[in-house]
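Visitor: Need the 3D shape of this:
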Amino acid sequence: MLYARRVPKKAHPRTVTMRKVATNAAYTTANEAYDMTGAEYALRRNGTLVHTFSTDAEGRATSSVDVMPGTYTLQEMQAPRRGYMLNSKVKTVEIAEGSGTQDHHDGWRTCRIAADLH
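Guide: You can find the predicted model right below:
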């Protein structure tokens, strides 16, 4: 008799990009009082840290991350270098198979998550 069992999918390196976006870009762009460099975000699944991101001057962070499709949380752990306050609100992110972008707004701040899971 043969038994087949389901083998769970494994996480594979996939490109995940997140971007912190200023609500009033007309004011903050080219304004030396504002710099998005160094904002740190923690990506977690079921409470376990999966990856940390650190943003560049444009608010972008791109990494190859071992992820599977599913529900994750994203939380800013350190504010950018200048002009921005820490936004410690936890955001729920759905990472699906394929490519997609999600915007997360919480009043006057936005975080954009893009994942390419092929």
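
Visitor: And the strands in this structure?
Guide: Shown for the chain, the strands assigned by DSSP state E span residues 12-22, 40-45, 48-54, 60-67, 70-78, 91-95, 98-105, 109-117.

Visitor: Skipping adjacent residues, who's closest to R82 in space?
Guide: The shortest distance from R82 to any non-neighbouring residue, by C-beta to C-beta, 6 or more residues apart in numbering, is to D35 (4.3 Å). Bear in mind the C-beta positions are built from the backbone N, C-alpha and C, glycine included.

Visitor: I'd assumed E58 was in contact with the one you found.
Guide: No: at 10.2 Å, D35 and E58 do not qualify as touching, with contact defined as C-beta atoms under 8 Å.

Visitor: more crowded one of these two?
Guide: The neighbour count for D35 versus E58, taken as other C-beta atoms under 10 Å, is higher for D35 (18 against 12).

Visitor: Can you read off the pLDDT for the more buried one?
Guide: Per-residue confidence (pLDDT) for D35: 87.

Visitor: Show me the beta-bridge partners of V16.
Guide: In this entry, V16 is beta-bridged to S63, A115, by DSSP bridges.

Visitor: Next one, pLDDT for it please.
Guide: If you check V16, the pLDDT there is 78.

Visitor: how near is it to R60?
Guide: Taking C-beta to C-beta, to the nearest Å as the measure, V16 falls 11 Å from R60.

Visitor: who has more neighbours, the two?
Guide: Each of V16 and R60 has its neighbours counted (other C-beta under 10 Å); V16 has more, 24 against 16.

Visitor: my read: that one touches I95, true?
Guide: Yes: between V16 and I95 there is a contact at 7.5 Å, judged by C-beta under 8 Å.

Visitor: Hmm, V67 and E94 touching each other?
Guide: No: if you go by C-beta under 8 Å, E94 and V67 don't touch, sitting 11.7 Å apart.

Visitor: I am finished for the moment; much appreciated.
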